[in-house]
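Engineer: coordinates for the following, if possible.
(2 chains)
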Amino acid sequence: MLSRVADAHYWLGRNVERAETISRILDVNYTRATDLYSQRDGRSEALWRSVMQCAGFRSPAKVSANGKAATDSFGFCAFDRDNPTSIVSAVRVARTNALSIRAELTTEVWEVINVLYLHVEEQNLRSVLREGPSKFLRRVRDWMQAFAGISDATLTHGDGWNFLQVGRFIERAYMTARILEAVDVENEPWHEAQRLLEMCCASVPFAQASHHAPDARDVLSFVVLSQSFPRSLRFCTREVDAAMHRISRAPDGTFANDAERRLGRLRALFDFTPIQEMLEPGVDEFSRNLVAEYEALSADIQHTYFPRLLVTA
Amino acid sequence: MLDIQPHYAVAEHYDELYDGSGTPRPHYAQVAAVLGRIGREEILARVQAINTALLQRGVTFTVYADSAGTERVFPFDIIPRIITAAEWLRIERGIQQRVRALNAFLYDVYHSERILREGRIPREMVYSSKNYNREMIDVDVPRDVYIHVSGIDLIRDEQGEFLVLEDNCRTPSGISYVLENRDVLKRGFTDLFRDYAVCPVDDYPSRLLDVLRYVAPPGNSRPNVVVLTPGIYNSAYFEHTLLARRMGIDLVEARDLVVVDNSVFLKTTRGLERIDVIYRRIDDDYLDPLYFLPDSTLGVTGLMDAYRAGNVTIANAIGTGVGDDKAIYRFVPEMIRFYLDEEPVLRNVPTYDCTEPAQLQHVLNNLDKLVVKNTNASGGYGMLMGPYATVEERAAFRETVVASPRDFIAQPVVQISSSPTLVDGSMVARRVDLRPFALYGRSVDVPPAALTRVALREGSLVVNSSQGGGSKDTWVLQQ
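Structural biologist: Just a heads-up that it's a prediction; the model follows:
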């Protein structure tokens, strides 16, 4: 497969997943912000600051007080074209990448992304807030999940599809790590653990697995280490590793490039390290390290399969 | 019922639907009847559905003059343009003949220059063509084919005779609209097709692939063929993706290619992969920065060397633009006589040569009656429609023509034919042209897949998409 085409599959997969995750994060927090609990003592600002952090905004001082926090943060995460992690940016990047590999995609896959793009481009902050943001966010999530299903069902499961999978699961792990970084389970165990579960779409799966009310340690353990929950770091990392090995055809347990070596070490971390030991330096540092680890992994993949090509002359 | 304006067919020019006495031509009768039965409301609802489908599929083109290259759906008119079997037979023969002659001309001007030595075409006319390419002199291209794909633009004059308006021998576009128009019309207006035997168009990509494989450098029984595109911002990008997809081959950009030891390779995730044939949808100037535009980032360094070494076939060949130079156009009938010893089946539109003083004077004296065209422009740009231009526009054009007469030709305004078209819910007459495509491999193949462009503005004679034109599904009827 052409390197450029592989690259576009990878970023298509990442941005589809990103739009889906950001829309879920916004939906969860928009709903929570209306709770009585969140309305006390500047908690609403803290909540939106953490949302901005999930969306990649490192120093969210921009979040204003006096009740505008929700609108500002929502606007930044949904419609800010300068923010590469906003919904509108992610959908646009996904669509541009899809367009650049239009010849590789089925019409059904292309149309689902193009239709969402056309829809998102017609929306703006005011129109979406007027009718309540849930409808818009739900729509983004629905179409992005449709993309995942349609691509699985209509594309050949060859290199292109594998690069889509790599992008999808790296982004998912990366966003889960960022959510971990943004929540404050040490100071607000019950509320923050609950919020973490919702942002990871894990409330019911966790309840089914644990049979008890959320306890911060168990929640962290579930989100990081669950073998079968498809958004846990362990699960996502295993999927990335599997897709990478299908591409390189290296046998399981060996590596053919730096990315696969890094993946092997991450897998070992999740497979063989007790959660207490992982969290010893604190949730903050643990999640910060993971965010950095997935960024390094992405750089390894790009270096291996699609090094930026020098433009001659 | 569908409104038909009472003044629909004024018989100044040829109308595709009505004959001179105002009677519908027999091959249109069923279309008119079926549309009448469907009714206005239902037709408009179906048109809406078709437009939505085209937008969602991304059947769009980019308008360069527009801000930030906006994507637009190429307006599609649902009333088909119908060509009878007898009409098509003549078109097919005329185009085969014309493309063979043009190809022979290209071989000749890059080899022995027989036609120039015998004085049938002035040398300076060829040498001064911006698209005459000295790098091609004495280069042998596989199977001597230069014009693998061409689009010959036809119009119908006042008497209904098909004339050639211009030749497109470089990278003619529009076939994707032919394929998509047929597809959406079949889905949206199935009932229209019931009474007609319409030739299918959907085998065009496989016919094109046959040609591309046929012209591969010898020695490889399974040649690797790719489509080369300038990228997603090109106005015809949709078409490039459609052709690559339907042919099942890679769509590549110049940055995906590299030349090593005079062979061309793809940069893939598993290393370099050799390619044999490039169907390029990119102009000569952007192919290789070593030979052409040195600051082009679209090109592939060394591609020209690989081409001249015979290690890769480029389709169309480099330098074919001298064949469709508008100043060369008036010599094509002469080429047909010279190379084929035949009389042209399809005539040209009379054309004035501005490099001849007497003709130039005539053109300048009659600017208000003529169409003046820049010999290097296309898409309806750089053109003066004399009768419809203002005094100032004519004065400004006059100066440019006097300054560089080689760059202009002039033709009388032809009142081209009109075809029934749906505008604001009514059926009205709008002017049309016809672009059949020719594929040159073992012989010249003219698939029954032609593009009809329609000038949607009332009274307009300019059908280009950049000038408010739309398109129609074109039905070539089986015998």
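
Engineer: which bits of chain B sit near chain A?
Structural biologist: B:55-58, B:227, B:231-232, B:237-238, B:240-242, B:244-245, B:250-253, B:255-256, B:266-270, B:289, B:294-297, B:301 (Cβ under 8 Å from any Cβ of the partner chain). Bear in mind the C-beta positions are built from the backbone N, C-alpha and C, glycine included.

Engineer: just the buried residues of those residues.
Structural biologist: Neighbour-count burial (16 or more other Cβ atoms under 10 Å in any protein chain shown) is assigned, among those, to B:55-58, B:227, B:232, B:237-238, B:240-242, B:244-245, B:250-253, B:255-256, B:266-269, B:289, B:296, B:301.

Engineer: can I get the helix or strand encompassing A:Ala148 in PDB, CA atoms only?
Structural biologist: Assigned by DSSP states H and E, A:Ala148 belongs to helix A:133-154. Output in PDB follows, covering the C-alpha atoms of helix A:133-154 (Å, rounded to 0.1, in the frame of the first residue of the first chain):
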ATOM      1  CA  PRO A 133     -26.500  20.200  22.500                       C
ATOM      2  CA  SER A 134     -27.400  16.600  23.100                       C
ATOM      3  CA  LYS A 135     -29.100  16.100  19.800                       C
ATOM      4  CA  PHE A 136     -26.000  17.400  17.900                       C
ATOM      5  CA  LEU A 137     -23.600  15.400  20.000                       C
ATOM      6  CA  ARG A 138     -25.600  12.300  19.600                       C
ATOM      7  CA  ARG A 139     -25.700  12.700  15.900                       C
ATOM      8  CA  VAL A 140     -21.900  13.000  15.700                       C
ATOM      9  CA  ARG A 141     -21.500   9.900  17.800                       C
ATOM     10  CA  ASP A 142     -24.100   7.900  15.800                       C
ATOM     11  CA  TRP A 143     -22.400   8.700  12.500                       C
ATOM     12  CA  MET A 144     -18.900   8.000  13.700                       C
ATOM     13  CA  GLN A 145     -20.000   4.600  15.100                       C
ATOM     14  CA  ALA A 146     -21.800   3.900  11.800                       C
ATOM     15  CA  PHE A 147     -18.500   4.700  10.100                       C
ATOM     16  CA  ALA A 148     -16.800   2.000  12.300                       C
ATOM     17  CA  GLY A 149     -19.500  -0.500  11.500                       C
ATOM     18  CA  ILE A 150     -19.700   0.200   7.800                       C
ATOM     19  CA  SER A 151     -15.900   0.200   7.400                       C
ATOM     20  CA  ASP A 152     -15.700  -3.200   9.100                       C
ATOM     21  CA  ALA A 153     -18.500  -4.600   7.000                       C
ATOM     22  CA  THR A 154     -17.600  -3.200   3.500                       C
END
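
Engineer: so what touches that helix?
Structural biologist: By Cβ atoms under 8 Å, 6 or more residues apart in numbering or on different chains, the surrounding residues in contact with helix A:133-154 are A:16-17, A:19-20, A:23-24, A:26-27, A:30-31, A:74, A:78, A:87, A:91, A:106, A:108-109, A:112-113, A:115-116, A:119-120, A:123, A:128, A:161, A:164, A:168.

Engineer: put the buried members of those residues into a PyMOL selection.
Structural biologist: To isolate the buried members of the contacts of helix A:133-154 in PyMOL, using 16+ other Cβ under 10 Å:
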select buried, chain A and resi 16+17+19+20+23+24+26+27+30+74+78+87+91+109+112+113+115+116+120+123+128+161+164+168
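
Engineer: considering only the contacts of helix A:133-154, which also neighbour chain B?
Structural biologist: Counting by Cβ under 8 Å from any Cβ, A:Val115 from these sit close to chain B.

Engineer: report pLDDT for A:Tyr37.
Structural biologist: pLDDT for A:Tyr37: 67.

Engineer: part of a strand, is B:Gly470?
Structural biologist: Yes - counting by DSSP: H, G, I helix; E, B strand; the rest coil, B:Gly470 falls inside a strand.

Engineer: stretch A:94-101 vs chain B: in contact?
Structural biologist: Yes - residues of stretch A:94-101 contacting chain B under Cβ under 8 Å from any Cβ: A:Thr96, A:Leu99, A:Ser100.

Engineer: among those residues, which are in helices?
Structural biologist: Counting by DSSP state H, the part of the residues of stretch A:94-101 next to chain B found in helices is A:Thr96, A:Leu99, A:Ser100.

Engineer: thinking A:Val88 is in contact with A:His119, fair?
Structural biologist: No - under the criterion of Cβ atoms under 8 Å, A:Val88 is not in contact with A:His119, lying 10.9 Å apart.

Engineer: spatially nearest residue to the residue of the stretch 151-300 of chain A found nearest chain B (excluding sequence neighbours)?
Structural biologist: Ranked by Cβ to the nearest Cβ, the top residue of the stretch 151-300 of chain A for proximity to chain B is A:Asp159, at 6.5 Å. Of all residues not flanking A:Asp159 in the chain, A:Met1 sits nearest, at 4.2 Å (Cβ to Cβ, 6 or more residues apart in numbering or on different chains).
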